[in-house]
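> coords please:
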Amino acid sequence: MKDIELKEYDEETLQHLKDVILEIFKDFVKICEKYDLEYFATGGTAIGALRHNGFIPWDDDIDVNMLREDYNKFMEVAPKEMGDKYIFMDASTQENYPLMFAKMVKRGTRFIEADYEQANYPLGIFIDIFPYDKTPEDPIARKKIIKKTWNIARWHVLTLIPNPNLPEGMNPVLKKLVSVAMRVIHAGLKLFHVTSKKTYKKYLDYATNCSEKDSDLYIDYSYITGENLMIRKHEAWPLIDVPFEDTSVKVVKNYDSFLRKEYGDYMQLPPEEQRHNHLASYIDFGEE
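Numbers count the residues shown, from 1 in each chain. Model (predicted):
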């Protein structure tokens, strides 16, 4: 096995990681094509495709979105298609999974980020799959659901992890007080039998039951600034293909307005101090 403990990526390791992630993505696309499921790239994946025709040079992941109906179908069929090669994780398939979106993880690999060192679920090389849910056109109603889902997602984490990592640079005194409060909340949730299964169900109750059935507006409730990356289906479809490394990715038709609200002038390289990735503290490529 090739084990690597990292403080920053060297060029060879980063390229190797990209190769494995691209392999995962291609298998994801195969499943989507077989079952006529649609996805579109987001974040650095979409920006990388448009600006670099591939990965952003320092990036180390692929992010894709699916409307909830296609997401649910994918999570149903994917394990039957490639369950021997991948673990398809979300909070409905992994009891100890703390996130509100899915990961497609290559079996036999390890990829451990500092933020998830406490996690008690399979940590491997992955792509992220985010579900997009129908959301109200009415901004007041929408903000209420955003607040509800965001708070429930935080409770969900605390059912599983007593001391989640807090932001760097936080006032040390405040950080200690918050850490103590989180441990108390975690203990209280355990005492009253509030499980991750219950919090995930409650999250889905709010995220997937839009009161405006005719709304054409969709959002990723798991993302902290989800309103910046909302889509209107009639503006976003049909999806278009953009070159990505030796393949292509789908992006929304109105990709410029989709990305610009969240990322500004995304075609310009950001300053070096803003070039972030998921730097793993430990990687095992699962290869001899």
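> can you name the farthest residue from the center of this structure?
Farthest-out residue of the chain from its mean C-alpha position, per CA atoms, centre = their mean: residue 173, at 31.1 Å.
> do you know the pLDDT at that one?
Reported pLDDT at residue 173 in the predicted model: 89.
> go on, residue 115?
We have a pLDDT of 67 for residue 115.
> next structured bit after the lengthiest helix in the chain?
Assignment by DSSP state H gives helix 11-34 as the longest helix of the chain. Following helix 11-34 in sequence order, the next helix or strand is strand 40-41 (DSSP states H and E).
> what pairs with that following strand, parallel or antiparallel?
The pairing partners recorded for strand 40-41 under DSSP bridges are strand 63-67 (antiparallel).
> got the angle for the partner strand vs helix 11-34?
Angle of strand 63-67 versus helix 11-34, following axes from the mean of the first three to the mean of the last three CA atoms, to 10 degrees, is 20 degrees.
> start at 183, not 1
Sure, I'll start numbering at 183, so the last one becomes strand 245-249.
> now the following helix or strand past strand 245-249: buried residues?
Sequence-wise, the next helix or strand downstream of strand 245-249 (DSSP H and E) is helix 250-264. Neighbour-count burial for helix 250-264 flags 252, 253, 254, 255, 256, 257, 259, 260, 263, 264 (criterion: 16 or more other CB atoms under 10 Å). Using the backbone N, CA and C atoms, a C-beta is placed for each residue, glycine as well.
> cool, and stretch 220-227?
Neighbour counts over stretch 220-227 (16+ other CB under 10 Å) mark 221, 222, 223, 224, 225, 226, 227 as buried.
> residues contacting residue 335?
With contact set as CB atoms under 8 Å, 6 or more residues apart in numbering, residue 335 has these partners: 282, 381, 385, 403, 404.
> what's the closest of the buried residues of helix 250-264 to residue 373?
Within those, the smallest distance to residue 373 is 31.8 Å, found for residue 257 (CB to CB).
> could I get the contacting residues of the closest one?
Applying CB under 8 Å, 6+ apart, the residues contacting residue 257 are 270, 272, 274, 275, 284.
> farthest-separated two in these?
Greatest spatial distance among the contacts of residue 257 (CB to CB): 270 and 274, at 10.2 Å.
> which of those two has more residues huddled nearby?
Counted by other CB atoms under 10 Å, residue 270 and residue 274 do not tie: residue 270 has more neighbours, with 22 against 14.
> per-residue confidence for that one?
pLDDT for residue 270: 97.
> not counting its neighbours along the chain, what's nearest it?
residue 260 (4.8 Å; CB to CB, 6 or more residues apart in numbering).
> what's the answer for residue 440, then?
For residue 440, ignoring the flanking residues on the chain, the nearest one in space by CB to CB, 6+ apart is residue 434 at 5.1 Å.
> returning to that earlier point: what's in contact with the longest helix of the chain?
Helix 193-216 is contacted by residues 186, 188, 191, 219-221, 237, 240, 242-244, 246, 252, 256, 259-260, 263-264, 267-268, 286, 288, 291, 307-309, 311, 427-429, 431, 465, 467 when judged by CB under 8 Å, 6+ apart.
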